[in-house]
Structures are given as C-alpha cells and as structure tokens.
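>>> Mind looking at a prediction? Sequence and model below.
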Amino acid sequence: MAGKASTRIGVLALQGAFREHRQLLAALGAEVREVRLPGDLAGLDGVILPGGESTTMARLLTEYALWEPLRAFHAAGGALWGTCAGAILLAHSVLGAPPQFGGRQDSLGLLDVTVQRNAFGRQINSFTDALPVRGLDTPFPAVFIRAPAFVKVGVGCTVLATARDQAVMVRQDRVLATAFHPELTGDTRLHAYFLEDVVQNKVVNK
Ligand SMILES: NC(=O)CC[C@H](N)C(=O)O
C-alpha cells in the first residue's frame, strides 16, 4: 500500500508506555521517531501520546516547551492519538485533577470532550475487556489501567467504543483517543486504523 510504508509517526517519549507503541507501529511498516523536543515534530504525519501519568506528562510538556508546538502540529494537519493518560492530555476539560493542583490540570484542548480521570473506580483500577469497536469485525482486547472515560462528548466527536456505559474511544477528525492501552496486547488493528484512517483523515462512517 502506497503511503503506509512512508508514514512517519512520532511517539511522545517523555514518560510512560511509549516503547510498546514504537514496536507495533514499526511492525506495521511506519517510520517511527521518539518525540522529546519541539524540533522532533518536524516532518511527522502523526503523533501518539502514550499512557502514563497525565499530571507528570503535563509537567514535562511545560518543561520541554511542547504545548504550543503540539497545537501547531495539529493546526498544520498532523494527526494525534492519545491513549489513557495521553487521551487526558488531548481533552478540552479534565475532571479529577489532584487537589494539590487546585483541582485543575492543563490539557491541549484539541478534542471536544470532558474526560474524567480514574473513572472506573479505585477498587477496579485495572481490567481487560473484549471490547466491541466500531469498524472491527471482532472485539479488541482492551487493557484498562486506572483508565479515564469521556463523560461529555461534543457534537463533532464520534464514539467508537463504550465500556461499562462509558465512552472509551472517541474520534474527532484527525484526533483519536482511547481510554485503554491498545499497545499492550500485540493486537495491531487500532494502530493500523490510526495509520490508515486517522492520519489520512478518512471520514468516520456515521
Ligand atoms: N494508564 C494510564 O495512563 C493511567 C492514567 C492516569 N490515571 C492519569 O490520570 O494520568
């Protein structure tokens, strides 16, 4: 397939589960680069913001001066995919920020959702679900680790999966967000979806 082998994807590598994303993207033939500095974004078609700890990642985005370059990357047509903590970073508003942050935390504001951190309760911090995802023939093995949920979804967003009555996968044009970790099971279907549909900005079938 033309384009696929030459698709250049960056994985934000400040903290969290970025190596697993690298491996799956490379297995699909994408050219992968770790992103730590604004200059690392040059020439990329898409960027993945991995899971980890969103408060720590937000602090590092400030330290490495990456907030505005990431917004500019999106404005210039770049695709973004946030997984778990990365999805929190993409949201317009974040609920459940720690009290020492005054209950609020910074986000990129590129996805018209309100995200609730740790939405699935303390007692069930982690679980795996055979998750039906729109567009996939069989359920996706989704790993939820202290996962957020998209509790308000704007009209421009399409919900692609729900778990326990909560939206857990949402797309708005070139921005994709999953509350779970799609990089931990070796299933490449969502990475393929990012490369083939989101990066190419193919329309979501309503
Ligand atoms: N697995 C994860 O990325 C967890 C996200 C974490 N609970 C946060 O709010 O940042």
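Yep, it's here. Numbering: from 1, shown residues only.
>>> The spatially most central residue of the chain is in what secondary structure piece?
Among the residues of the chain, the one closest to the centroid is residue 82, at 1.2 Å (CA atoms, centre = their mean). Following DSSP states H and E, one finds residue 82 within strand 79-83.
>>> Tell me where this protein has strands.
Assigned by DSSP state E, the strands in the chain fall at 8-12, 31-35, 46-49, 79-83, 91-95, 111-116, 126-131, 140-145, 149-153, 158-163, 166-172, 175-178.
>>> Now do the buried residues in the longest one.
Read it as strand 166-172. 166-172 (16 or more other CB atoms under 10 Å). Using the backbone N, CA and C atoms, a C-beta is placed for each residue, glycine as well.
>>> ok, of the residues you listed, which one's closest to residue 9?
Lowest distance from residue 9 to those (CB to CB) belongs to residue 171, with 16.6 Å.
>>> Return the set of residues that bridge with that closest one.
Using DSSP bridges, the bridge partners assigned to residue 171 are residue 158, residue 176.
>>> which residues touch the least confident helix or strand in the chain by mean pLDDT?
Least confident helix or strand, the chain: strand 126-131 with a mean of 93, by mean pLDDT, DSSP states H and E. The contact list for strand 126-131 (CB atoms under 8 Å, 6 or more residues apart in numbering) reads 120, 139-146, 161, 163, 168-169, 180.
>>> on that earlier part again, nearest to residue 31, of the buried residues of strand 166-172?
residue 171 (23.1 Å).
>>> And the closest residue to residue 164 other than its chain neighbours, how far from the ligand?
The spatially closest residue to residue 164, leaving aside those adjacent along the chain, is residue 120, at 6.8 Å (CB to CB, 6 or more residues apart in numbering). Between residue 120 and the ligand the computed distance is 10 Å (CB to the nearest ligand atom, to the nearest Å).
>>> tell me which parts of the chain are close to the ligand?
Neighbours of the ligand within the chain, by CB under 6 Å from any ligand atom: 51-54, 84-85, 88, 117-118, 145-146.
>>> Report how many residues lie close to residue 200.
Residue 200 has 15 neighbours, counted by other CB atoms under 10 Å.
>>> Which pLDDT value goes with it?
Looking at residue 200, its pLDDT is 93.
>>> Same check on residue 102?
78.
>>> what does the one 10 residues further on give?
For residue 112, the model assigns a pLDDT of 98.
>>> ditto for the one 10 residues further on
Among the per-residue scores, residue 122 shows a pLDDT of 67.
>>> what do you get for residue 98?
The per-residue pLDDT reported for residue 98 equals 87.
>>> related to what we said a few turns ago, out of the residues of the chain next to the ligand, which are inside helices?
Those of those mapping onto helices are 54, 85, 88, per DSSP state H.
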